[in-house]
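Colleague: Next comes the sequence, and after it the predicted model I'd like to discuss.
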Number of protein chains: 2
Amino acid sequence: MDAVAGPPVIRLHPEDSVAIARRALPEGAPLAPGLATARRVPPGHKVALRPHAPGDAVRRYGQIIGFATEAIAPGEWVHTHNLSMGDFARDYAWGADARPTEYVAEPATFLGIRRADGRAATRNYIGIVTSVNCSAHVAELIAEAFRRNPLTGQDPLAEWPNVDGVVALTHKTGCGMTAGEPLTLLRRTLGGFARHVNFSHVIGIGLGCEVNQIGGLLQEQRLSGRLRSMDIQEMGGTRKTVEAGIAFVREVLDEANRVERVPVSASELTVALQCGGSDGYSGITANPALGAASDLVVRHGGAVILSETPETYGAEHLFTRRAVSREVGEKLVGLMKWWEAYCEREGAEMDANPSPGNKLGGLTTILEKSLGAMAKAGTTNLVDVLRYAEPATARGFLFMDTPGYDPVAATGQVAGGANLLCFTTGRGSVFGCKPTPSIKLATNTPMYERMKDDMDVNCGGILTGEETVAEAGERIFRLMLRVASGERTKSEGFDFGTAEFAPWVLGATM
Amino acid sequence: MDAVAGPPVIRLHPEDSVAIARRALPEGAPLAPGLATARRVPPGHKVALRPHAPGDAVRRYGQIIGFATEAIAPGEWVHTHNLSMGDFARDYAWGADARPTEYVAEPATFLGIRRADGRAATRNYIGIVTSVNCSAHVAELIAEAFRRNPLTGQDPLAEWPNVDGVVALTHKTGCGMTAGEPLTLLRRTLGGFARHVNFSHVIGIGLGCEVNQIGGLLQEQRLSGRLRSMDIQEMGGTRKTVEAGIAFVREVLDEANRVERVPVSASELTVALQCGGSDGYSGITANPALGAASDLVVRHGGAVILSETPETYGAEHLFTRRAVSREVGEKLVGLMKWWEAYCEREGAEMDANPSPGNKLGGLTTILEKSLGAMAKAGTTNLVDVLRYAEPATARGFLFMDTPGYDPVAATGQVAGGANLLCFTTGRGSVFGCKPTPSIKLATNTPMYERMKDDMDVNCGGILTGEETVAEAGERIFRLMLRVASGERTKSEGFDFGTAEFAPWVLGATM
Ligand SMILES: [Ca+2]
Ligand SMILES: [Ca+2]
Ligand SMILES: [Ca+2]
Ligand SMILES: [Ca+2]
Ligand SMILES: [Ca+2]
């Protein structure tokens, strides 16, 4: 929080009753006409913008972060001495804060690819799904035959310019695992990728003797019409399977190439929201900016998927208030209970409470801290809660259960059908998730400058006052439309997005 | 068991008191001069070779599979009606069956690479170790710059013929994980690869904000002198890190290339033993044949590592009898207790008991079934028990705790220092594990013929009587020496062995 120029505070949302100090503010620092700090406010801390009576809600990101424990005058520093959670967490208040969405009259459009089944794609890949690690290398050998050589520039797909590439989705599991929940989860993930709208054609490759049989996957996920599948053992080994896989890709390339981009409503965007390598600016710049863009996506009729359940643990009351129904809210509470049991079983701990360091940095309550991550999803109603990798068909703000770990979380979201992903980062994550393009948003200008090759958007201007959260949100939304139309992200330039395929692994490895 | 030609039975070890019927044998079928079947024996089932009094041990693979419950005459069918475990599992009988190893006077040699620290390598790679999935793609981009193009044959390493390649070891974990056992396990694995004798030079690549910090890895695994490490965030992103990685490899290529193969004692072989895609022949052909080769490795002063703890659960008494000391035996019993707790926590089950199908196929006791997998390790004394990925320094027969799942098990063994791996398979696994060459042994001729491109050795001749177990073992041992000397295995021809790097993941993904 060492920004020294620009306005003294950032207001993250028009409804906020507090603003965030951009830098250390002395007593008497002017904030607005007729408003000055009543005492010293540390950098990153909150200052009241209007009077709060004891018990009044304090809002940041347009949402409740707690209640005044005493009267707070405008200009006062707001922290643990005058703000607490109160009784907030004792009442789920199902839907209490749900409001009608203000849809735009005419949604924006992007240039998308209309599939025969009516869905809209943002990219056009050919996919290779693997049932087990034992078929990973064979899948990679097939994909490799179609990969552009980075040294010579030689491109086996040059004749098929509308095909973005051949993607081998490989992983470390699929056998030595128990049937039941772990296998169901893996199959849902593989099924989601096999059905992904950004794949024109998909091959499935198994070894033959694995727990996760390709046949069972096809049946359980209803993929028989979608997937050309083969087992290495049945095909007679590596060479024959690779040859058959290459032949299949060659066979479908002309058809895969016969696509054109046509105007498609922004309502067909399904945007996965991610953050990784967060820093003290995440909750002030990139996350709220992405939240403003998320509100635009939803107002244009589209969907955004927030995830990372452990990072919202303890703040689920914020979601239940925004749920469109008690049923949806209860699904979320059910997830939290599952995670409690899971962590207990595994000897792990979920604790989203602000640490002493967080408190020094200005975060007062667990709600406020969780909102830092949740801010990515904006302020609209929670319309559905999905299990990991479950198809995201509803429009609006959706929550999907995933771990916080980026590749595993994003894999679930893409499996759920996300055709765009936005990833905020403070430390500088490098990330891609084929077949879905990933837009990287930097929380601060120094990191953006240092990692310009990898970052698509700099949200650091919010901190320096060059841009408001709303302006950044609008800018991100426009970029989403361009990327959905085919503009390449930085990570696509580096060919990221296969190593990062990481299905959530549950249960014992046997 | 449909072999119709050749001798009627297979004797798997000279000390065995039973032999295995190659095919269905009618009553009165001649087995040897003066010995015929006393009644019908189903294919794959056991027939007594000598008289057993009630309580006499019955031996297969030279080891106890149970005790006669009644008098058994030579030529009698031996199964559940006259054979049981008796009290075998009530007494660990620490070291009761340990015997002096009959070392050969002059160990065989192979042409190995002598490293500066005195260790002997079988291959000469440059390695790239990654701390976290978030640095996986960057590592792959570096390795890709040095990869032979399979289409054009263009080889960036053509000038350095003694360098076998640049290997990026990537995985799905390293963050969103708990410190403690899961992190320790990952670091021990990465440390083992970083120190692997088959790497001349190693780079370590991290992102920068991961739980598994490269700095902590270096310190905990004492790798500072061994590893050139860098964090993507500190380097300024993907491009700069890839450029630095490529520059490092170019810098060391000349030095890496300055190796020559010199005669090295077979005592410097550390052979990992694996089986995957087992079938009804595994315990009759390839596993005992590999066991005979393992005995030769040990008699020549080398080490073999058996693993796959869940597959030996319930048969640990076989090992405790062969342990060189009570302490070594107790380590093994400790592993079994850990697995019991692990499986209970994860709701998984370990059950090595013969299933009804196993019994129909001729397996009578849990000892006999487990011995089918354990046969790979031959008959010498158990000299040490290692944790997953722990350095295998002792010589002789070692047991390393791993899951049964092939890639995870082999990753632990290679991390432990295996410079050769032998993999038996009935269904036909395709597998590699860089930097260590992997020899594939087929249990049956039809699969060998079907998957000739992938199989190095056919053990099917044991079934048809073309070869004895001892002859096959000798043949495998000679191949081990040739492969250790540089002869390429089938899986190396296909460039297997990077996708299969799969560190054991324990604990919750958060
Ligand atoms: Ca996060
Ligand atoms: Ca994350
Ligand atoms: Ca070479
Ligand atoms: Ca096995
Ligand atoms: Ca195995």
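Modeller: Now that the structure is in, tell me what you want to look at. Numbers count the residues shown, from 1 in each chain, chains lettered A, B, ... in the order given. Ligands and ions are numbered 1, 2, ... in the order given.
Colleague: So in chain A, where's the weakest helix or strand by average pLDDT?
Modeller: The helix or strand of chain A with the poorest confidence is helix A:356-360; it has a mean of 87 (mean pLDDT, DSSP states H and E).
Colleague: Show me what it is packed against.
Modeller: Here helix A:356-360 touches no other helix or strand, going by 3 or more CB pairs under 8 Å, 6 or more residues apart in numbering or on different chains; DSSP states H and E. All C-beta atoms are positioned from the backbone trio N, CA, C, and that covers glycine.
Colleague: send the alpha carbons of it over as CSV?
Modeller: Presented in CSV, the C-alpha positions along helix A:356-360 are these (Å, rounded to 0.1, in the frame of the first residue of the first chain):
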residue,chain,number,x,y,z
PRO,A,356,-2.9,-11.0,12.6
GLY,A,357,-1.2,-9.9,9.4
ASN,A,358,-4.5,-9.6,7.6
LYS,A,359,-5.7,-7.4,10.5
LEU,A,360,-2.6,-5.2,10.3
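Colleague: Beyond that helix, next helix or strand please.
Modeller: With elements assigned by DSSP states H and E, the helix or strand that comes after helix A:356-360 is helix A:366-374.
Colleague: Name the nearest residue to residue A:348, sequence neighbours excluded.
Modeller: Spatial nearest neighbour of residue A:348, excluding adjacent residues (CB to CB, 6 or more residues apart in numbering or on different chains): residue B:508 at 4.1 Å.
Colleague: For burial, what's the neighbour tally of the one you found?
Modeller: Using other CB atoms under 10 Å in any protein chain shown, the number of residues around residue B:508 comes to 22.
Colleague: again with residue A:87
Modeller: Neighbour tally, residue A:87, other CB under 10 Å: 9.
Colleague: got the buried residues for the least confident helix or strand of chain A?
Modeller: Neighbour counts over helix A:356-360 (16 or more other CB atoms under 10 Å in any protein chain shown) mark A:358-359 as buried.
Colleague: so how far is it from its chain's centroid?
Modeller: How far helix A:356-360 lies from its chain's middle: 26 Å, per CA atoms, centre = their mean, to the nearest Å.
Colleague: contact partners of it?
Modeller: Helix A:356-360 is contacted by residues A:42, A:79-80, A:369 when judged by CB atoms under 8 Å, 6 or more residues apart in numbering or on different chains.
Colleague: circling back: could you double-check that the residue nearest to residue A:348 lies in contact with residue B:178?
Modeller: Yes - judged on CB atoms under 8 Å, residue B:508 makes contact with residue B:178 at a distance of 6.5 Å.
Colleague: Overlap in contacts, these two.
Modeller: A:346, A:348.
Colleague: is it fair to say residue A:448 lies in a helix?
Modeller: Yes - per DSSP: H, G, I helix; E, B strand; the rest coil, residue A:448 lies within a helix segment.
Colleague: For stretch A:469-483, which residues meet the burial criterion?
Modeller: A:469-470, A:472-477, A:479-481, A:483.
Colleague: Go through the residues you listed and flag which are in helices.
Modeller: In this view, the buried residues of stretch A:469-483 that belong to helices under DSSP state H are A:469-470, A:472-477, A:479-481, A:483.
Colleague: and which of these is nearest to ligand 2?
Modeller: residue A:476 (18.2 Å; CB to the ion).
Colleague: need the contact list for the nearest residue to that closest one once chain neighbours are set aside.
Modeller: Excluding its sequence neighbours, the residue lying closest to residue A:476 (CB to CB, 6+ apart) is residue A:293, at 3.8 Å. If you count contacts by CB under 8 Å, 6+ apart, residue A:293 has them with A:378, A:422, A:472-474, A:476-477, A:480.
Colleague: With respect to pLDDT, which of these ranks lowest?
Modeller: Among the contacts of residue A:293, residue A:378 carries the weakest pLDDT, at 95.
Colleague: That one contacts residue A:304, correct?
Modeller: Yes - between residue A:378 and residue A:304 a contact is recorded at 7.2 Å, counting by CB under 8 Å.
Colleague: hang on, the earlier thing: give me the phi and psi for the residue nearest to residue A:476.
Modeller: phi -70, psi -40 (degrees, to the nearest 10).
Colleague: okay, the angle between the one helix or strand residue A:441 maps to and helix A:469-484?
Modeller: Residue A:441 belongs to strand A:438-442 when assigned by DSSP H and E. Put simply, strand A:438-442 runs at 150 degrees to helix A:469-484, going by axes from the mean of the first three to the mean of the last three CA atoms, to 10 degrees.
Colleague: Closest to the centroid, which residue in chain A?
Modeller: In chain A, the residue lying closest to the centroid (CA atoms, centre = their mean) is residue A:273, at 2.1 Å.
Colleague: which residue sits closest to whichever residue of the stretch 201-350 of chain A sits closest to ligand 2, ignoring its sequence neighbours?
Modeller: Per CB to the ion, residue A:276 is where the stretch 201-350 of chain A lies closest to ligand 2, at 4.2 Å. Spatially, and ignoring its direct neighbours in sequence, residue A:276 is nearest to residue A:406 (3.9 Å; CB to CB, 6+ apart).
Colleague: Settle this for me: the one you found is touching residue A:272, isn't it.
Modeller: No - in this structure, residue A:406 is not within contact of residue A:272 by CB under 8 Å, at 10.9 Å.
Colleague: neighbour-wise, which of these two wins?
Modeller: Using other CB under 10 Å, the more surrounded residue of residue A:406 and residue A:272 is residue A:272, with 30 against 27.
Colleague: tell me which element the more buried one falls in.
Modeller: strand A:270-275.
Colleague: same question, residue A:7
Modeller: Using DSSP H and E, residue A:7 maps to neither a helix nor a strand.
Colleague: ok, now residue A:491?
Modeller: Secondary-structure assignment from DSSP H and E places residue A:491 in helix A:490-493.
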